[in-house]
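K.L.:
Sequence and predicted structure are below.
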Amino acid sequence: MNPLNLLFQVADSFAFIVLAAVGLAVIFGMMGVINLGHGEFIMVGAYGTTLTANAGLPLPLAMALGVLVTAVMGFVIERTVVQHLYDRLLDSMVATWALGLILTQGARILFGNSIPQVSTPLGYIQYGPYSYSTYRVLLAVIALLVLLGLYLVFTRTEFGIRARATIQNPDTAQALGVNTERMYTSTFVVGSGLAGLTGALYAPTLTVVPGMGSSFLVEAFISVVIGGPSVLLGTTLSGGLLGVINSLFTNLYGTFFGQIAMLLTAIVAIRILGDGLTGLANDIRDRLEGE
Amino acid sequence: MDDHASSSRRSFLAAGGTVAATALGGCLTSGGSGSDTLKLGIIEDRSGNFALNGTPKYQASMLAIEELNEEGGILGNEIETFTPDPQSDNQRYQQLTRQAINEENVDALWAGYSSATRETIRPIIDQNEQLYFYTTQYEGGVCDSYTFCMGATARQQLGSVLPYMVENFGSDIYTIAADYNFGQLSADWVRVLADENDANVIGEEFIPLSVTDFGSTINNIQEADPDFVMALLVGANHTSFWSQRTSAGLDIPMGTSTVMAQGYQHKRLDAPAMANVYGGFNYMEEVPTDRNQEFVERFYEKFPDADYINEEAVNNYFSIKMYAQAAEAVGSTNQADIIEELENGMDISAPEGDISLQGPVHHMTHNMRVFRCDEEHNITVEDERKIPEQFLSETVGCDLTENEMTTQYTPADYYDEADTTQ
């Protein structure tokens, strides 16, 4: 096994898992809503990007538009559907799942079974007999930047403080003058925008078709479940752990075993760690502080 | 088959359908398969995973039926259709197949894209002795008294492109294939054909249909350093491989039987994703003959917004015409009579060229071509020859005129190279 190959593949898996999960994690972690239409939100981002890039817009600008379109769609969906379903976990799951179906079929009706794809930019890195796509390496860097950005937003801005107050105790937050309803809407829009970003970033590397959202779902859900309640720490840790396991087994035994290993890890992690990796990290921190 | 029992069962069902239609509709204009109409079932995916491949099949079928109706129908009867959308869902396929046979009383059935779908509905077809046309290119080996496989088999598709690749690029082959029955059996055929052409399979990788990331696969290919790759990838997720191989700089020539002609990747992906891909197919829209150009024009005249005419679409088209030819020849729409007529063999003038039905095995001798895609995604024909179905006819010895059968044979039963259990 070539160590550079493995390194690139770990970075690649990490980026895919983190970016697939982060929008879902924000909406679930902050609002307790499981967005089963998450994959389709990603699809909307990819469509927004590909269609505008095909219309002649430079790729980075097209990506920004893809994010914007998804965020606006998130806003509309939150105002019309999701806001009525807070504290109704199962109802919100059914509703968002239905929205996902509508989005998939809507994309098919509007744009057909497929649209012309955008090619992957930036060429490749050559090392010995091997080569790796530069753009995919860049995705790992972007995944890290997204996590860092979220950390700063939720810890260093007034929005972040209000958002966290709303999650911890909405009644008290409201008593202190926080417009909790607006916070929920903003959080849903941020989560949707992040899903749109994932779609925008992966549009040049994957096949953009109406059903593409499903290819993100497994990784996203496993990552959120293993990650546990803390959005950022959980997503980072599970992205790292699953990324290493997936790429190691893929590298050694092929793609099939990479996927099996990831699912087995999820089973073991859920069985042993009730609160996911975040819970484990907190336990370790408490123990260290206790000593 | 008991003709009498079969036809009286059908009459009973037709009568039942008529009664039901009368009861429901209050009046009856033309219910079921009456005396002056006949009904064809066209169950092709227009939504779900296979929508991209199924939609052209549906469109080409409608074109064939429209053309036949304009010429006065079959035996003077106008053709009616039963065309629900199975939504790429195998359970729905089962339900619709039962509906087509038992309620709609179709005279012939075209249905299904994947081998998994075909195998899901084949027991229902066989149980009801329903004349059925399966038109996708497939792994081969189906020897079934009621099923006519109109697509080229893996031995025909790979048998045209693999020898060409060995001759032009060298003898070391790396196979990547979708990890289900079609991909596994096609990879077996690569091994058998490699052996027949003095080549070696130096690496093999099976990829689950859900995989979208091919970084490690690309590295594995680079490590093995083959002369060419046989890429037997299937579905939307696997399409990501092509742009990923370009962006990773993997420039080894690729042979295939599963992309371009079915999912028109050379039209959908940005060039040069499909550069230096060589496919063995019986048809692509780009076949440079006058007859085909005329067909393409007629197709787009009827469906101006259609995306592409894929390999399977023309298989639907010519097989509907072939059915009509058989019905006219035998002077009846009785399914048993038509099957018997088809088993005598038949010459067909198809958009791909003049081809013929091999009656005893229910498969086609196809006009197989090697299509090359260049850097600008232009398609050229590099090689062309007629290749008959050989596995059932020569190796297995399937003869449906002699024995009634409903079996699928696999290469591992007959070739050491294909037997991975050793």
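P.N.:
Arrived safely. Numbers count the residues shown, from 1 in each chain, chains lettered A, B, ... in the order given.
K.L.:
List the contacts of the closest residue to B:S243 other than its chain neighbours.
P.N.:
In space, B:S243 comes closest to B:A273 once its chain neighbours are excluded; the distance is 4.7 Å by C-beta to C-beta, 6 or more residues apart in numbering or on different chains. Quick note: C-beta positions are derived from backbone N, CA and C, even for glycine. Shown in contact with B:A273 (C-beta atoms under 8 Å, 6 or more residues apart in numbering or on different chains): A:Q117, A:S119, B:W242, B:S243, B:R245, B:T246, B:Q265.
K.L.:
Just the pLDDT for the residue nearest to B:S257 when sequence neighbours are not counted.
P.N.:
If the residues on either side of it in the chain are set aside, B:S257 comes closest to B:Q157, at 3.7 Å by C-beta to C-beta, 6+ apart. Model confidence at B:Q157, given as pLDDT, is 95.
K.L.:
Touching, B:Q157 and B:F371? I think so.
P.N.:
No - here B:Q157 does not reach B:F371: they are 11.0 Å apart, not a contact under C-beta atoms under 8 Å.
K.L.:
tell me, what's touching these two both at once?
P.N.:
Residues touching both B:Q157 and B:F371 by C-beta under 8 Å, 6+ apart: B:G279, B:G280, B:F281.
K.L.:
ok, the last one touching B:E311?
P.N.:
Yes - B:F281 sits in contact with B:E311 when judged by C-beta under 8 Å, with a separation of 5.2 Å.
K.L.:
Identify the contacts common to the two.
P.N.:
B:Q137, B:A152, B:A261.
K.L.:
now these as TSV including pLDDT?
P.N.:
Shown next, in TSV, are the shared contacts of B:F281 and B:E311 (pLDDT from 0 to 100):
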residue	pLDDT
B:Q137	94
B:A152	96
B:A261	94
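K.L.:
want to throw the residues you listed into JSON lines with distance to chain A?
P.N.:
Output for the shared contacts of B:F281 and B:E311, formatted as JSON lines (distance: C-beta to the nearest C-beta, whole Å):
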{"residue": "B:Q137", "distance to chain A": "19"}
{"residue": "B:A152", "distance to chain A": "23"}
{"residue": "B:A261", "distance to chain A": "15"}
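K.L.:
Dump those to CSV, plus neighbour count and secondary structure.
P.N.:
Formatted as CSV, those follow (neighbours: other C-beta atoms under 10 Å in any protein chain shown; DSSP: H, G, I helix; E, B strand; the rest coil):
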residue, neighbour count, secondary structure
B:Q137, 28, coil
B:A152, 32, coil
B:A261, 30, coil
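K.L.:
Quickly find the element holding B:I218.
P.N.:
Following DSSP states H and E, one finds B:I218 within helix B:215-224.
K.L.:
An error on my part: the question was meant for B:L38.
P.N.:
Using DSSP H and E, B:L38 sits in strand B:37-43.
K.L.:
Pull the number of nearby residues for B:C149.
P.N.:
By other C-beta atoms under 10 Å in any protein chain shown, the residues close to B:C149 number 27.
K.L.:
Strands along the stretch 51-200 of chain B, start to end?
P.N.:
Ranges of strands in the stretch 51-200 of chain B, per DSSP state E, counting those that start in this stretch, are B:78-82, B:108-111, B:132-134, B:142-144, B:147-149, B:172-178, B:200-207.
K.L.:
For B:I218, which of those strands is the nearest?
P.N.:
Checking the strands of the stretch 51-200 of chain B against B:I218 by C-beta to C-beta gives strand B:172-178 as the closest, at 9.7 Å.
K.L.:
Many thanks, we can stop here.
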